[in-house]
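[1] here is the input, now give the coordinates:
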Amino acid sequence: MTSILIGYARCSTDRQDLTAQKAALQQLGVDPQRIYIDHGYTGTNRQRPGLDQALAAVRAGDTLVVPKLDRLARSVPDARAIADQLVARGVRLAIGASVYDPADPMGKMFFNILATFAEFEADIIRLRTREGMAIAKAKGKLKGKPPKLNERQHKELRRMYDTGEYSINDLAELFGVAKPTVYRTLKREPGEGRKPAGEGAHG
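    Next up is the predicted model:
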């Protein structure tokens, strides 16, 4: 049976243009007639008719092609749910020029990584935090006082600190808050035992 390339492109607002994504998919060998699109649907909205059509079109041995992973999904649960569908049906996933086959050991490892791809989700949290601050500043609602973090962001901040890869300054910048807020969050959230230097001075 001949393997078919099925393309998928998405943009979040009606004002954004899909031309570049379509061109990228065609350069990867996808027939223009086999490109499914969602225009004006965010990645967090799982009700995406274009994606549903693309997933319905692929068969065992076919390849679902997306320009970037964030065009396919914008959260870990969503990415994992889509990956599970592809694995169950024997469909490969191509992100740009990189093809991942669920039947191949390396491909299987990639699909499993999607289940715990916390950094991907952390990037989205940071992006939304910054976007929210920019909107608030534009409306004059943010007057120097840092925004409060929600429970999910508290846990993500704690997790990122416990990896040992992020300093207090890094976390303050990434989450758009003052350093005392980072210290208070680390003090409240149970972690893996790593104590921030100078925590007592900011408690």
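[2] every contact and neighbour count from this point should use C-alpha atoms.
    Noted.
[3] mean confidence for stretch 84-98?
    Predicted confidence along stretch 84-98 averages 87 (mean pLDDT).
[4] okay, how far is it across it, tip to tip?
    Stretch 84-98 has an end-to-end distance of 19 Å (criterion: Cα to Cα, to the nearest Å).
[5] and it, what's buried?
    Neighbour counts over stretch 84-98 (16 or more other Cα atoms under 10 Å) mark Asp84, Leu86, Val87, Arg89, Gly90, Val91, Arg92, Leu93, Ala94, Ile95 as buried.
[6] stretch 60-69 too?
    Neighbour-count burial for stretch 60-69, counted by 16+ other Cα under 10 Å, picks out Gly61, Asp62, Thr63, Leu64, Val65, Val66, Pro67.
[7] kindly reformat these as TSV containing pLDDT.
    Below are these laid out as TSV (pLDDT from 0 to 100):
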residue	pLDDT
Gly61	90
Asp62	94
Thr63	94
Leu64	94
Val65	94
Val66	91
Pro67	88
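[8] now, among those residues, which is nearest to Ile4?
    Using Cα to Cα, the shortest approach to Ile4 within these belongs to Asp62, at 4.9 Å.
[9] any idea how this structure splits into domains?
    5-116, 118-202 (automatic domain parsing).
[10] and these, which one's lowest on average pLDDT?
    Across the domains of the chain, the lowest-scoring stretch is domain 118-202, with a mean of 70.
[11] picking that back up, looking at the buried residues of stretch 60-69, which is nearest Glu173?
    Pro67 (29.2 Å).
[12] and the helices in this protein?
    Along the chain, counting by DSSP state H, helices occupy 19-27, 49-57, 69-72, 76-89, 105-113, 118-138, 151-162, 168-175, 179-188, 199-202.
[13] picking that back up, now the two most distant members of the buried residues of stretch 84-98.
    Maximum distance among the buried residues of stretch 84-98 (Cα to Cα): 17.9 Å, for Arg89 and Ile95.
[14] let me see the contact set for Asn169.
    Contact analysis of Asn169 by Cα atoms under 8 Å, 6 or more residues apart in numbering lists Lys179.
[15] again with Thr163
    Applying Cα under 8 Å, 6+ apart to Thr163 gives no contacts.
[16] which residues are in contact with stretch 19-33?
    So stretch 19-33 is contacted by Leu5, Ile6, Gly7, Ala9, Ile35, Val65, Val66, Pro67, Gly96, Ala97 (Cα under 8 Å, 6+ apart).
[17] circling back: reformat the buried residues of stretch 84-98 as JSON lines; add distance to Glu189.
    Shown next, in JSON lines, are the buried residues of stretch 84-98 (distance: Cα to Cα, whole Å):
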{"residue": "Asp84", "distance to Glu189": "32"}
{"residue": "Leu86", "distance to Glu189": "37"}
{"residue": "Val87", "distance to Glu189": "36"}
{"residue": "Arg89", "distance to Glu189": "41"}
{"residue": "Gly90", "distance to Glu189": "41"}
{"residue": "Val91", "distance to Glu189": "41"}
{"residue": "Arg92", "distance to Glu189": "40"}
{"residue": "Leu93", "distance to Glu189": "37"}
{"residue": "Ala94", "distance to Glu189": "38"}
{"residue": "Ile95", "distance to Glu189": "36"}
